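A.B. asks: Okay, here's the prediction I keep looking at, along with the sequence it came from:
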Amino acid sequence: MYDVIIIGAGASGLMAAAAAASKGARVALLEHKDDIGKKILATGNGRCNFSNLARPDDAYRGEHPEFVEDALREFSVEDTIEFFKEIGIYPLNRNGYLYPRSNQAQSVVDVLCMEAASLGVKIRQTNRLQK
């Protein structure tokens, strides 16, 4: 029995699973693809640009740009940096773009998965359940 079920083990899913589990929820994280965090591996040319210090006004498009402001008030860039430091990913600042010091996106995926596992998150890959 789970309190929270999250669909998609990308960056947002892994972060949501860790956040919920850190508050005591029993969490299952479901992914239908072979690779967990696959899009993370493609960011920053394989180095994982996990945040940016600069935020130009035209960086967000859409009908409701205020949504971004509300979201960033709840979990700021500083909160993001602190979260990653707490789980062992220290930032490397390259002209306002933040990468892990390892310069390897895989290290971000590995640490996010380890954090989720240490908090008791059950990661289920549906393609592996069908075999």
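C.D. replies: Arrived safely, thanks for sending.

A.B. asks: can we go C-alpha only for contacts and neighbour counts from here?
C.D. replies: OK.

A.B. asks: Quick one: mean pLDDT over the lengthiest helix in the chain.
C.D. replies: Criterion DSSP state H: the longest helix present in the chain is helix 105-118. Averaged over helix 105-118, pLDDT sits at 96.

A.B. asks: Adjust the sequence numbering to begin at 13 for everything that follows.
C.D. replies: With the count now opening at 13, the last piece we talked about shows up as helix 117-130.

A.B. asks: That helix: which residues count as buried?
C.D. replies: By neighbour count with 16 or more other C-alpha atoms under 10 Å, helix 117-130 contains the buried residues Ala117, Gln118, Ser119, Val120, Val121, Leu124, Cys125, Glu127, Ala128.

A.B. asks: same question, stretch 26-35
C.D. replies: Buried-residue list, stretch 26-35, by 16+ other C-alpha under 10 Å: Leu26, Met27, Ala28, Ala29, Ala30, Ala31, Ala32, Ala33, Ser34.

A.B. asks: dump the residue contacts of the closest residue in space to Gly100 that isn't next to it in sequence.
C.D. replies: The shortest distance from Gly100 to any non-neighbouring residue, by C-alpha to C-alpha, 6 or more residues apart in numbering, is to Val123 (7.3 Å). Taking C-alpha atoms under 8 Å, 6 or more residues apart in numbering, we find Val123 in contact with Ile99, Gly100, Ile101.

A.B. asks: Sort out which one of these lies nearest Gly74 for me.
C.D. replies: Ile101 (31.3 Å; C-alpha to C-alpha).

A.B. asks: wait, doesn't that closest one sit right on Asp122?
C.D. replies: No: between Ile101 and Asp122 there is no contact under C-alpha atoms under 8 Å: 10.4 Å.
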